[in-house]
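**Q** Pasting the sequence and the predicted coordinates here, then a few questions.
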Amino acid sequence: MKQRILLSRIVFIILWITVVFFYVFSSSYTALFLFYFFICLTIVTCIYGILIKDKVEIDIMSQAIAKKRTNSSMTIQLKNKSFLPLPYICCTLLIQNKLTNEITKEEFTTSLFSYATKNISFQIYSEHCGKIDIKVKNIRVQDLFRLFKRNTTPNARTEIAYMPTVVEGNVDGVYATKEMAEAAIFFSERKGDVQEEMIALKEYVPGDHVKQIHWKLSSKLDELMIKELADVREERIVLLLETSLNMEDSGEQINTIDQMMDTFASLLQYFVEEEKQIYVGWYDEGIKQLQMELMYGKDAMGRIIRETLSVPRGDFKATSYEAYIQKEHESVIVYHVTTKYNKQSIKENIQTNYIPIIAEDWLEQSKQSMNKGAV
């Protein structure tokens, strides 16, 4: 665009110089006519540039929710408020995924007759889930000869929430790593109307009940481990979404964030179908504190997913789980949606009521289960 304007001005200056030389060194009426014609043309062009300033209105309309990896429709409406036609209108769109921080620019050029309105349709595509913010960065209006331009920064924008893919799955037998699988599984068995919850592990000492020996874990550790049980009458479940990621490869980080959101949404769907009220939490670096929401149905689930689609991700000082354990909660089962890249943090925080869910592994296991069921 700048090159075109510069080229047009260079051509116009060359023509002006040619006309002036022709006028000075020629006494013909043609030279006189061309001289006055270019004077009038320059004056009219300057006046035209003044009159078309801020004469373009723009509005963006789009669907609110879309599926990732599908095209969603968007319409840009342009309106000319001037009695003069606008031969060159160039709009620059800034498209940003607030979840993955992917930013792209799109430009289009059009024209408008006097007092005309035009609708321009676009197709927006996103490979990853996230809240897509679309705004008009600026509008440049030019005269017929592209000698002058008038920039406008309108306040036109819209958002499209590209939702994560929900995979059929559950929380039975989820684990963080093979080394800590048995230590992370929540154990309960029903006795009448009361449940017994495994609240701790300890080494076996003479006098402990043999039925409470954790045989699988004992075989791995080469020493007897005992499950300490406590009666509970109510399950309190917390689902944490990790927002702190320490990854050097930005492309891999984007894919990991996408997988974590798929896992998070799938687990929310699972708990809704199980008719469980759960607390959902995540660390928000923008306000530097843990956000906690009570999810009690599909409406709340959709709202929570849309809200987390714009929460910043990055290498933060605090993780979602670290922010959570600063608060006191009794008899709580914590499911933590995280990634294999945060294994060190998982090992430091492993507890019997803490169940880290590795997004990459969970999705793979759920898809394998679905394929086996289809067969």
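**A** Sure, I can see it. In this text, all values refer to a predicted model and were calculated from it rather than measured experimentally. Numbers count the residues shown, from 1 in each chain.
**Q** okay, CA-based contacts and neighbour counts for the rest of this
**A** Fine.
**Q** partners of the residue lying closest to residue 289 once chain neighbours are set aside in the sheet?
**A** Leaving aside its chain neighbours, residue 289 sits nearest to residue 283 (5.8 Å; criterion: C-alpha to C-alpha, 6 or more residues apart in numbering). Listed beta-bridge partners, residue 283: residue 290 (assigned using DSSP bridges).
**Q** Give me the neighbour count for residue 283.
**A** With neighbours defined by other C-alpha atoms under 10 Å, the count for residue 283 comes to 27.
**Q** Surely it touches residue 320?
**A** Yes - Residue 283 lies in contact with residue 320 (C-alpha atoms under 8 Å); the separation is 4.6 Å.
**Q** picking up where we left off before, what pLDDT does the model give the residue nearest to residue 289?
**A** What the model reports as pLDDT for residue 283 is 92.
**Q** List the contacts of it.
**A** For residue 283, the contact set (C-alpha atoms under 8 Å, 6 or more residues apart in numbering) comprises 241-243, 289-291, 318-320, 323.
**Q** could those be laid out in a markdown table, adding pLDDT?
**A** Listed next are the contacts of residue 283 as a markdown table, based on pLDDT from 0 to 100:
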| residue | pLDDT |
| --- | --- |
| 241 | 94 |
| 242 | 93 |
| 243 | 93 |
| 289 | 88 |
| 290 | 90 |
| 291 | 91 |
| 318 | 82 |
| 319 | 86 |
| 320 | 89 |
| 323 | 87 |
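**Q** Drop anything exposed from the residues you listed.
**A** For the contacts of residue 283, a neighbour count by 16 or more other C-alpha atoms under 10 Å gives the buried set as 241-243, 290, 318-320, 323.
**Q** Which of the residues you listed sits closest to residue 32?
**A** Using C-alpha to C-alpha, residue 243 comes nearest to residue 32 of those, at 73.1 Å.
**Q** circling back: format the buried ones among the contacts of residue 283 as TSV; extra columns: distance to residue 276.
**A** Below are the buried ones among the contacts of residue 283 laid out as TSV (distance: C-alpha to C-alpha, whole Å):
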residue	distance to residue 276
241	18
242	21
243	24
290	22
318	28
319	25
320	22
323	24
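**Q** about what we covered before: what about the contacts of residue 283, which are in helices?
**A** Of the positions in those, 320, 323 sit in helices, assigned by DSSP state H.
**Q** and of the contacts of residue 283, the nearest to residue 335?
**A** In terms of C-alpha to C-alpha, no member of these lies closer to residue 335 than residue 241, at 8.7 Å.
**Q** so where do the helices sit in the protein?
**A** For the chain, the helices defined by DSSP H cover 2-24, 29-51, 181-184, 215-221, 250-273, 298-308, 320-325, 343-349, 359-374.
**Q** nearest to residue 72, of those helices?
**A** helix 298-308 (16.7 Å).
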